[in-house]
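Student: structure for the following, please:
(one chain, ligands or ions: 2)
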Amino acid sequence: MKIVSKIDFETFVNDLINEDYREVIGVQSKDSHYVFDELEKAEDLELNYDVTILPPKKYMMPQKEAILEYERSDKDFSLEPLLEIEPRIIIGIHPYDLIAIQQMDKIFSDTYEDEYYLNRRKKCVLIGVNMQNVSDRSFAASMGTATTETGYDLMLTNLEKNYAVEVGSSKGSDLLEEVTTRNASPEEVENVEKVKKNIEEKFDKELKFSPEELPTLLEENYGNMEFWEKNSEDCYSCGTCNLVCPTCYCFDMKDMNEITLDTGRRVRQWDGCMLEEFALVAAGENFREDRAERYRHRFMRKGRYIYNRYGDIACVGCGRCASQCIPDIADPSRIYNELKGE
Ligand code: SF4
Ligand code: SF4
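Tutor: Numbering: from 1, shown residues only. Ligands and ions are numbered 1, 2, ... in the order given. Next up is the predicted model:
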């Protein structure tokens, strides 16, 4: 473990911004919320935030991206993948978001290697930060995601005038060579452990049982339509709970052709299973036409389907869905606790 003074860290970040060959992203305050956005100066970094509106996944899987373009003439047809990807450093990722990115890494390199996601991911350096403040809707401690030992290139812990820095990869150690550091003393190592332990006690919300029970609990309640109907009564099918979630990855593809059909682009953009048209297919068949079915699907997908396939519970407890849902019916901790109670 290394120690860097906050003054040196700020200079280091400003130097990175001025290098100008990679984008430097950091958590900043905007209109009384926190967001990941491009940094203009290190002083804008807000590493004591509680939660950001959107997770950092938008830098690996943008909301909308053109993935290829084509050109056609009488004799020729050319297709060009659009794979130009800017290197990035993302500063200030909380542990639950780092764990969500690790889940996405598995999914995008499973049966089909998604070169758009994976190229972006490879060109990102992830600098995590241990939480200093906790969102009042987060229940990350009970999901085991309030701290992490993996998924980062560097991990910062606030120690008053300094940051303790843990190195998670060779990308991280190479970057750390650009800043003045010293080895942490045994007392500082102990303080980092205390900070991590104390974070767990800051959460008001919790899942009242082990997340490992979720797949079975959900399997047993798949047919409990009374429960899903009652809880989804006020759902607007707006899809916000999908869009703000760090572990949602569904997308739609659209071909945007010029009217002449001589040129065009294939664009992919985020989609969400709570939207009414999500499971609509040709001939007008919709596999999840009812609101309650879509609502159930989202909770099944978080606590059961991804677990069955990858061994991960796909809710990291960030609480974003709960705080962004207007009728306040999207909170997985409430739904899962109620199901368990039943
Ligand atoms: S649960 Fe809430 S956020 Fe999700 S689709 Fe329904 S109304 Fe929108
Ligand atoms: S389901 Fe909600 S609480 Fe769980 S990871 Fe997604 S946004 Fe966060």
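Student: write out the residues of the stretch 151-300 of the chain neighbouring ligand 2.
Tutor: Counting by CB under 6 Å from any ligand atom, the positions of the stretch 151-300 of the chain adjacent to ligand 2 are 244-247. Yep, even glycine has a C-beta here, placed from its N, CA and C like the rest.
Student: so which of those residues is the closest to residue 228?
Tutor: Taking CB to CB as the measure, residue 228 sits nearest to residue 245 out of those, at 18.7 Å.
Student: residues in contact with the closest one?
Tutor: Taking CB atoms under 8 Å, 6 or more residues apart in numbering as the definition of contact, the neighbours of residue 245 are 55, 318, 320-321.
Student: quick one: residue 73 and residue 262 touch, right?
Tutor: Yes: the pair residue 73 and residue 262 passes the contact test of CB atoms under 8 Å, sitting 7.0 Å apart.
Student: who has more neighbours, those two?
Tutor: Regarding residue 73 and residue 262, a neighbour count based on other CB atoms under 10 Å identifies residue 262 as having more, with 12 against 9.
Student: surely the more buried one touches residue 76?
Tutor: No: shown here, residue 262 and residue 76 do not form a contact pair, counting by CB under 8 Å, at 10.6 Å.
Student: residues in contact with residue 9?
Tutor: Taking CB under 8 Å, 6+ apart as the contact definition, residue 9 lies against 42, 156, 163, 179.
Student: pLDDT weak spots in the stretch 151-300 of the chain?
Tutor: Applying pLDDT under 70 to the stretch 151-300 of the chain flags no residue at all.
Student: pull the contacting residues for residue 315.
Tutor: 143, 211, 247, 302-303, 332.
Student: try residue 45
Tutor: Residues in contact with residue 45 (CB under 8 Å, 6+ apart) are 13, 26-28, 39, 91-92.
Student: what distance do you get for it to residue 273?
Tutor: When distance is defined by CB to CB, to the nearest Å, residue 45 is 34 Å away from residue 273.
Student: tell me the one of the contacts of residue 245 nearest ligand 1?
Tutor: residue 321 (6.4 Å; CB to the nearest ligand atom).
Student: which residue does the stretch 1-150 of the chain bring closest to ligand 1?
Tutor: The stretch 1-150 of the chain approaches ligand 1 most closely through residue 137 (12.7 Å), counting by CB to the nearest ligand atom.
Student: on that earlier part again, among the contacts of residue 45, which are in strands?
Tutor: With strands defined by DSSP state E, the entries of those inside them are 26-28, 91-92.
Student: select from those residues the one having the most neighbours.
Tutor: Among the ones in strands among the contacts of residue 45, residue 26 has the most neighbours (other CB under 10 Å), with 26 neighbours.
Student: quick revisit: filter the contacts of residue 9 down to the ones in strands?
Tutor: For the contacts of residue 9, membership in strands holds for 156, 163, with DSSP E as the criterion.
Student: nearest to ligand 1, of the contacts of residue 9?
Tutor: Minimum separation from ligand 1 among the contacts of residue 9 (CB to the nearest ligand atom) is found for residue 156, which lies at 31.8 Å.
Student: middle-most residue in the protein, spatially?
Tutor: If you average the C-alpha coordinates of the chain and look for the closest C-alpha using CA atoms, centre = their mean, you land on residue 246, 2.8 Å from that point.
Student: ok, that residue touching residue 95?
Tutor: No: with contacts defined as CB under 8 Å, residue 246 does not count as touching residue 95, sitting 11.3 Å away.
Student: widest-spaced pair of the ones in strands among the contacts of residue 45?
Tutor: Greatest spatial distance in the ones in strands among the contacts of residue 45: 28 and 91, 10.2 Å, computed using CB to CB.
Student: what do those two both touch?
Tutor: Common neighbours of residue 28 and residue 91 are listed as 39, 45 (criterion: CB under 8 Å, 6+ apart).
Student: tell me the SS of residue 269?
Tutor: Following DSSP: H, G, I helix; E, B strand; the rest coil, the label given to residue 269 is strand.
Student: which of the contacts of residue 245 fall within helices?
Tutor: Secondary structure assignment (DSSP state H) places 320-321 from the contacts of residue 245 within helices.
Student: closest to residue 231 among the contacts of residue 245?
Tutor: Relative to residue 231, and with distances defined as CB to CB, the nearest of these is residue 321, at 13.5 Å.
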